[in-house]
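[1] the sequence and its predicted three-dimensional model are supplied below.
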Amino acid sequence: MNDKRNIINKCRAAVVAACCAVWALAGAQTVTLDECRQMAINNNKSIRQADLSIEKAGYQRKEAHAAYFPSIDLEAGYVYNSRKLSLVEDDQYLPIKTFNLSTGSYDYSLVTNPLTGELVTNNGSYIPATVALLPKSALTYNVHNVMFGALSLTQPLYMGGKITAMNQITKYAEELAQQMHDSKVEDIIYDVDAAYWQVVSLRAKQRLAKSYVELIEKLDGDVKSMVAQGVATRANQLTVDVKLNEANVDLTRVDNGVTLARMALAQLCGLPVNTQLTLADENREDLGTTLNSTNPDLNDVYARRHDVQALQLATKIYDQQAKVARSEMMPKVAAIAALHVMNPNTYNGFKNRFGAGFSVGVTLKMPIWHWGGLTAKVKAAQVDAQVKQLELDEAKEKIALQVSQASFRYQEAIKTYEATKANLAQADENMRIANVGFHEGVATIDDVLTAQTAWLKANSEKIDAEIDVRLCDVYLSKVTGNMSVQN
């Protein structure tokens, strides 16, 4: 699974690198929202870190699973000793027994006084008549070079449930890493969408600002002709000039805003900030809106939300950690076997050469008394699990409020957008009437400027409302767990 994920990540990186090279050579390219999302996901460093966390969790799961199987270890060593090993200080004289026919047993042969026949003593001890010599040299061994090795096998038989619990923990940890990864993906998607629609919004305002400048320029030309004919004053001309200067300044600000917004989007996509990206939606006059459901079932939301899933997995992990702590109070049984060699060896006398042997057995470790420490450890782990459960309950309450707020905000954005369309229709009509009245001589220049300003404001508010609907829709999808990205 990890190898497959690594291959996928390498393919993604290769595709993105190729796309970047093509863009660098071909200049501005048209990209869709989904393409921007995918580039951002492929290039984001926090997403890469999350991928590595998933990979690490997979390795930890394999490590825990390996505890079910026997472990085989090889151990070897060498020791140099400066002195030989001697079991006695001096030569030893051991008394010996002889068979006594009269008693039918073995008795020590002791020295007697030939005159009196009494046993001779030395410092209160009897003196043996015959002894066996045990020389010190026979009990002195060469241990200058000691070498040993062992090949051991250990098979856990019963560990108090610890191995099973650790396998469950690592399984949940891997799922948790995946949920955290998906949550970061959603955050990246939301940021990219906001930056994408910001560019679209500013492009629409850029076109609006240009149209407004053209309107003022046309009015300026008309006023200049009127001044030349003596039907308008110099003050009227200056008023229009001021409006034209303001419109040009606003257009410059919008132009700069579009450039900066494109740079911000390119940065989020992992591209050089000077990459010229043309968005598929930036020249659309009407982005269109669709009313989505704003009354989702909360149980479905909880099932889709990655943060809820992460907290549920964390709760399960802490439950299993309580089992791990409880396993410390249980007996532990393991089977062992070993093949060992040593030099010198004493298997058949003391010899300075390698000797081999094997051993098998069973080990048992049973906790008896730890002054309540193990019980306290179990209770502490159980408290941690309870804390995580409370965090989960609190998160669900906050999510319910978050979903309600997002739904209300989305509904308000839709109503605002519908209102701005009506306002724009009214502003179009007012500007038409003002222009007709101006050319008929029944409306003043101030009336035309006021109508044009109102038209500019109505268009700007419609653009803002339209983009707000898009962002509210994305946010509602995020909080309800419905956000997705094409792969």
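    That came in fine, so what should we check first?

[2] state the next helix or strand along the chain beyond the helix or strand in which residue 152 is found.
    Assessed by DSSP states H and E, residue 152 sits inside strand 145-158. Later in the chain than strand 145-158, the nearest helix or strand by DSSP H and E is helix 162-229.

[3] packing partners for that following helix?
    helix 33-43, helix 45-65, helix 234-268, strand 277-279, helix 306-327, helix 445-479 (3 or more Cβ pairs under 8 Å, 6 or more residues apart in numbering; DSSP states H and E). The C-beta positions use only the backbone N, C-alpha and C, and glycine is treated the same way.

[4] list the buried residues of stretch 52-61.
    Of the residues in stretch 52-61, 53-55, 57-58, 60-61 count as buried by neighbour count, 16 or more other Cβ atoms under 10 Å.

[5] my bad, should have said stretch 400-412
    If you call a residue buried by 16+ other Cβ under 10 Å, then stretch 400-412 has these buried ones: 402-403, 406-407, 409-410.

[6] go on, stretch 195-213?
    Of the residues in stretch 195-213, those buried (16+ other Cβ under 10 Å) are 195-209, 212-213.

[7] what's the domain layout of the protein?
    Residue ranges for the structural domains of the chain, counted by automatic domain parsing, are given in the record as 2-68+161-330+371-479, 92-134.

[8] from those domains, which stretch is densest packed?
    Stretch with highest mean neighbour count among the domains of the chain: domain 2-68+161-330+371-479 (a mean of 17; mean count of other Cβ atoms under 10 Å).

[9] now do that one, average pLDDT.
    When pLDDT is averaged along domain 2-68+161-330+371-479, the result is 87.

[10] with stretch 139-158 instead?
    Stretch 139-158 carries an average pLDDT of 92.

[11] which parts of it are buried?
    Buried, per 16+ other Cβ under 10 Å, within stretch 139-158: 146, 148-150, 152, 156.

[12] could I get those residues as JSON lines with distance to residue 121?
    Output for these, formatted as JSON lines (distance: Cβ to Cβ, whole Å):
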{"residue": "146", "distance to residue 121": "45"}
{"residue": "148", "distance to residue 121": "49"}
{"residue": "149", "distance to residue 121": "54"}
{"residue": "150", "distance to residue 121": "53"}
{"residue": "152", "distance to residue 121": "57"}
{"residue": "156", "distance to residue 121": "64"}
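
[13] okay, the domains of the chain in TSV with distance to residue 82 next?
    Shown next, in TSV, are these (distance: least, Cβ to Cβ, whole Å):
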stretch	distance to residue 82
domain 2-68+161-330+371-479	43
domain 92-134	25
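
[14] among the ones you listed, which is nearest residue 74?
    Each of the domains of the chain was checked against residue 74 via Cβ to Cβ, and the shortest separation belongs to domain 2-68+161-330+371-479, namely 17.2 Å.

[15] thinking again about what came up before, among the buried residues of stretch 400-412, which lie within helices?
    Using DSSP state H to define helices, the subset of these located there is 402-403, 406-407, 409-410.

[16] excluding chain neighbours, what is closest to residue 424?
    Once flanking residues are discounted, residue 424 sits nearest to residue 458: 4.4 Å by Cβ to Cβ, 6 or more residues apart in numbering.

[17] I'd say residue 198 and residue 263 touch.
    No: shown here, residue 198 and residue 263 do not form a contact pair, counting by Cβ atoms under 8 Å, at 11.4 Å.

[18] between the buried residues of stretch 52-61, which is closest to residue 79?
    The shortest gap between residue 79 and any of these belongs to residue 60, at 37.5 Å (Cβ to Cβ).

[19] for the closest one, give me its contacts.
    Going by Cβ atoms under 8 Å, 6 or more residues apart in numbering, residue 60 touches 170, 173-174.

[20] again, only using 6 Å
    Neighbour list for residue 60: residue 170 [criterion: Cβ atoms under 6 Å, 6 or more residues apart in numbering].

[21] how close does residue 270 sit to residue 183?
    If you measure residue 270 against residue 183 using Cβ to Cβ, to the nearest Å, the figure is 19 Å.

[22] dump the helices and strands packed on helix 162-229 to CSV, plus distance to residue 187.
    Supplementary listing: the helices and strands packed on helix 162-229 in CSV, determined by distance: least, Cβ to Cβ, whole Å:
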stretch, distance to residue 187
helix 33-43, 10
helix 45-65, 8
helix 234-268, 11
strand 277-279, 21
helix 306-327, 10
helix 445-479, 8
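
[23] in contact with residue 301, which residues?
    Residue 301 touches 403, 480-481, counting by Cβ under 6 Å, 6+ apart.

[24] run the last query once more with 7 Å
    When contacts are counted by Cβ atoms under 7 Å, 6 or more residues apart in numbering, residue 301 touches 399, 403, 480-481.

[25] sec struct for the residue sitting furthest away from the middle of the chain, please.
    Of all residues in the chain, the one whose C-alpha sits farthest from the chain's mean C-alpha position, using Cα atoms, centre = their mean, is residue 115 at 102.3 Å. Assigned state for residue 115: coil (three-state reduction, DSSP: H, G, I helix; E, B strand; the rest coil).

[26] Provide the backbone phi and psi angles at it.
    Its backbone dihedrals place residue 115 at phi -80, psi -40, with angles given as degrees, to the nearest 10.

[27] pull up the gap between it and residue 127, please.
    Residue 115 is 16 Å from residue 127, where distance means Cβ to Cβ.

[28] before we move on, what about residue 353?
    Separation of residue 353 from residue 127 (Cβ to Cβ) stands at 42 Å.

[29] now the residue nearest the centre of the chain: closest residue in space that isn't a chain neighbour?
    Among the residues of the chain, the one closest to the centroid is residue 50, at 3.8 Å (Cα atoms, centre = their mean). Nearest residue to residue 50 in three dimensions, chain neighbours excluded: residue 181, at 3.8 Å (Cβ to Cβ, 6+ apart).

[30] ok, now which ones touch the one you found?
    Each residue near residue 181 by Cβ under 7 Å, 6+ apart is listed here: 50-51, 54.

[31] residue 323 now?
    If a contact means Cβ under 7 Å, 6+ apart, then residue 323 has 161, 165 as its contacts.

[32] can you tell me how far it is from residue 251?
    Residue 323 sits 68 Å away from residue 251, taking Cβ to Cβ as the criterion.

[33] same check on residue 109?
    Between residue 109 and residue 251 the distance is 131 Å, computed by Cβ to Cβ.

[34] rewinding a little: which one of the domains of the chain lies closest to residue 77?
    Minimum separation from residue 77 across the domains of the chain (Cβ to Cβ) falls at domain 2-68+161-330+371-479, 26.1 Å.
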